[in-house]
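Asker: give me a 3D structure for the following:
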Amino acid sequence: MSPAPKSGIFIIAPIDGPVGDRILEIQEAHDPRILKLGKPHVTIAGSSGMGPIDPRTSVATLEEKLAPIAASTAPLTLRFGRPTRFMQTEIVVLPLDPHGPLRTLHERIKTSDLKAAAPRFYFTPHVTLSLYRELTKDALAHLLATRFDEPVIVDRIECHLTRDSGESRHLVTLPLGGPPTGV
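Answerer: Numbers count the residues shown, from 1 in each chain. Predicted structure coming up:
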């Protein structure tokens with residue numbers, strides 16, 4: 001049995017504003033290699049809950065399948081949990097609640113008839129703080145003590161063609177356009 005692919009089209013939701021800037025600073029200080037993955041973001045599809053979308057999928061098909069989902073989805077107000085190690089690894093993440101509007105968006109994409117690989121993990125939405133670097137005890141303690149109490153607003157999704165090598169090419173951005181909802 002071969003492992004699930006890590007290449008293909010991923011759907012992410014960028015984290016902007018002061019919270020995104022702060023996450024970026026933490027990533028830069030603790031694991032600068034993670035910056036090659038782009039701005040801080042939540043992966044909505046491509047890793048957990050739904051594997052990468054077939055890399056041969058055209059931009060037109062992505063837009064056809066995803067634009068109605070994005071247009072009818074309200075911007076999401078998200079709150080981070082306490083930083084944690086990801087599934088018995090050295091990876092440190094800011095977890096998000098896998099239920100509610102974020103899960104609904106994920107499930108709508110998952111059932112949109114886009115051809116995708118099997119997921120590597122159960123749906124575990126998060127923003128990664130440290131991915132590549134083995135952390136010292138002090139650095140790990142610092143990351144795990146970091147708190148993000150302010151909510152973040154996700155107002156768009158992006159599709160990126162990503163390769164195992166870490167190369168990534170932006171394909172399309174779709175604004176979330178449904179009526180706003182509260183936390």
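
Asker: every contact and neighbour count from this point should use C-alpha atoms.
Answerer: Fine.

Asker: quick one: low-confidence ranges for the protein?
Answerer: Applying pLDDT under 70 to the chain picks out residues 1-6, 35, 87, 133, 165-166, 178-183.

Asker: the helices in it, which residues?
Answerer: 17-30, 59-71, 101-110, 137-145 (DSSP state H).

Asker: which of those helices has the highest mean neighbour count?
Answerer: Mean neighbours per residue, mean count of other Cα atoms under 10 Å, is largest over the helices of the chain for helix 101-110, with a mean of 18.

Asker: now for that helix, which elements pack on it?
Answerer: strand 41-45, helix 59-71 (3 or more Cα pairs under 8 Å, 6 or more residues apart in numbering; DSSP states H and E).

Asker: could you dump these into TSV with distance to S130 added?
Answerer: TSV is the format used below for those (distance: least, Cα to Cα, whole Å):
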stretch	distance to S130
strand 41-45	13
helix 59-71	29
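
Asker: out of those, which is closest to H142?
Answerer: Of all the helices and strands packed on helix 101-110, it is strand 41-45 that lies closest to H142, at 20.9 Å by Cα to Cα.

Asker: next, the angle helix 17-30 makes with the closest one.
Answerer: Strand 41-45 runs at 100 degrees relative to helix 17-30, counting by axes from the mean of the first three to the mean of the last three Cα atoms, to 10 degrees.

Asker: okay, now I91: neighbour count?
Answerer: Using other Cα atoms under 10 Å, I91 has 18 neighbouring residues.

Asker: my guess is F10 meets G46, correct?
Answerer: Yes. The pair F10 / G46 is scored as a contact, 4.5 Å apart, by Cα atoms under 8 Å.

Asker: between these two, what contacts are shared?
Answerer: Counting by Cα atoms under 8 Å, 6 or more residues apart in numbering, the contacts common to F10 and G46 are 52-53.

Asker: ok so, going back, mind checking which of the helices of the chain is nearest T128?
Answerer: Nearest to T128, of all the helices of the chain, is helix 17-30, at 8.2 Å by Cα to Cα.

Asker: quick one: contacts of that closest one?
Answerer: With contacts defined as Cα under 8 Å, 6+ apart, helix 17-30 is touched by 34-35, 39-40, 129-130, 133, 135, 139, 148, 150, 152.

Asker: now which of these would you call buried?
Answerer: Among the contacts of helix 17-30, those classed as buried by 16 or more other Cα atoms under 10 Å are 34, 39-40, 129-130, 135, 152.
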